[in-house]
Every structure is written in structure tokens, then in C-alpha cells.
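Undergrad: What follows is a predicted structure for the sequence shown.
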Amino acid sequence: DKGRLALPARLRASLGEQVYLARGRHRCVNVVPADVFVAEAMRMRDRVDRGELDENVLRGVVSSAALVTLDRQGRVGIEEHLRSYAGIALGSTVKVTGAVDRLEIWDAVRYELHLLLEAFVDYEALWITWRHRHIQMVERTIGMKMGTGGSSGAGYLRQTLTPRFFPELFAVRTELGTPV
């Protein structure tokens, strides 16, 4: 294997002949149409010039990118530094996903872990929303009176908004999603 990957025909139709391969936000490889990548880089350059973005962020994005031409079979060669970044070993199973104006190439196991982590984050967000609404309902119903079981009522419930269900999850997400 030479690190080449055949992109699915239904997905590559909108890419064009040349694409940039670059580090993705969540440890995947982004496949970005050349014109889209250049436009994004120019917008980032403008933000750097206005002092809104650190130049090292732009350097990180541009230095990781490789302009490649799809071959006749619709394959792209993924450079070793990008495979390493995404945890893609030669000959391993990958997952190619569409992401609006680009594709993402994932190590298949990492992709499944990413989906699982996102599901846990979504669950926690829903639970926090429920807690917040519950506190509002308690405040409307009993005001600042003592709550059930002798608790301080709404005051006690407010303390439950901060602790996370899955604190380790955010450490893992940080590691997997190290920004470029």
C-alpha cells in the first residue's frame, strides 16, 4: 500500500480534480476542494492582518496541507504526516464522511469513538438543560423555601449544575480534538 485511498465516486464528484489534504479538527484528514481551501486561507490571512487571529494558527493550517490531484481512479495519496496525525496505519480500515464542503478521512475505530464521545456530550448537555429547567420550575413552585428531604431547595439544585457526569470525557475529547 502506498498510502493511497480511492474516494467514493458519489462524494468526489463535487471536489474537483485538485484538493488539499489537511489536518482536521478532530484528528481526521480533511479533503477540501482547492478553491475552498484557498478562500479559507485568504479569510484567515485577512483575520491575521486585522489582529483577530494569531498567525501561528494560519501557519498550522497551511503547513499541514498538501495539494494533491486525484488520479484516474479517484484516488488520493495521503502523506505520512497526515496519516500519523489521524492515526491511520497503512492498510487499515478508514471511514470517509461528507462534511458539507469537504470530506473527512478517519481511522475507522477513531471515528466510532468520536461518535460515541459526541453522544455522551450530547446526553450530558440534555441533562444539564433538564436540571436548569427543573430549578426554574422549583423556584416558580416553592420559591426559596426548603426543598424535599430537607434540602435548601433551589439553592441546592443550583449546585448540581456544575458537576459533570463524565469529567474524563472532556480530557479525552481534548486529546482527540487537538486543534491544528
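TA: Cool, got the structure. Numbering: from 1, shown residues only.
Undergrad: Would you map the strands across the protein?
TA: Under the criterion DSSP state E, strands of the chain are mapped to 4-6, 18-23, 29-33, 66-69, 75-77, 94-98, 103-107.
Undergrad: Tell me the buried residues in stretch 133-140?
TA: 135, 138-139 (16 or more other CB atoms under 10 Å). Placement of C-beta: from N, CA and C, glycine included.
Undergrad: So for that stretch, mean pLDDT?
TA: Stretch 133-140 shows a mean pLDDT of 84.
Undergrad: got a list of contacts for it?
TA: Applying CB atoms under 8 Å, 6 or more residues apart in numbering, the set of residues contacting stretch 133-140 from outside is 147, 153-154, 157-158, 161.
Undergrad: Off-centre distance for it?
TA: Mean C-alpha position of stretch 133-140 versus that of the full chain (CA atoms, centre = their mean, to the nearest Å) differs by 34 Å.
Undergrad: Just the CA atoms of that stretch, as PDB, please.
TA: Taking Å, rounded to 0.1, in the frame of the first residue of the first chain, the C-alpha atoms of stretch 133-140 are listed here in PDB:
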ATOM      1  CA  ARG A 133     -35.500  23.800  33.700                       C
ATOM      2  CA  HIS A 134     -36.100  21.800  36.900                       C
ATOM      3  CA  ILE A 135     -34.600  24.600  39.000                       C
ATOM      4  CA  GLN A 136     -36.800  27.100  37.300                       C
ATOM      5  CA  MET A 137     -39.800  25.000  38.000                       C
ATOM      6  CA  VAL A 138     -38.900  24.600  41.700                       C
ATOM      7  CA  GLU A 139     -38.300  28.400  42.000                       C
ATOM      8  CA  ARG A 140     -41.700  29.100  40.500                       C
END
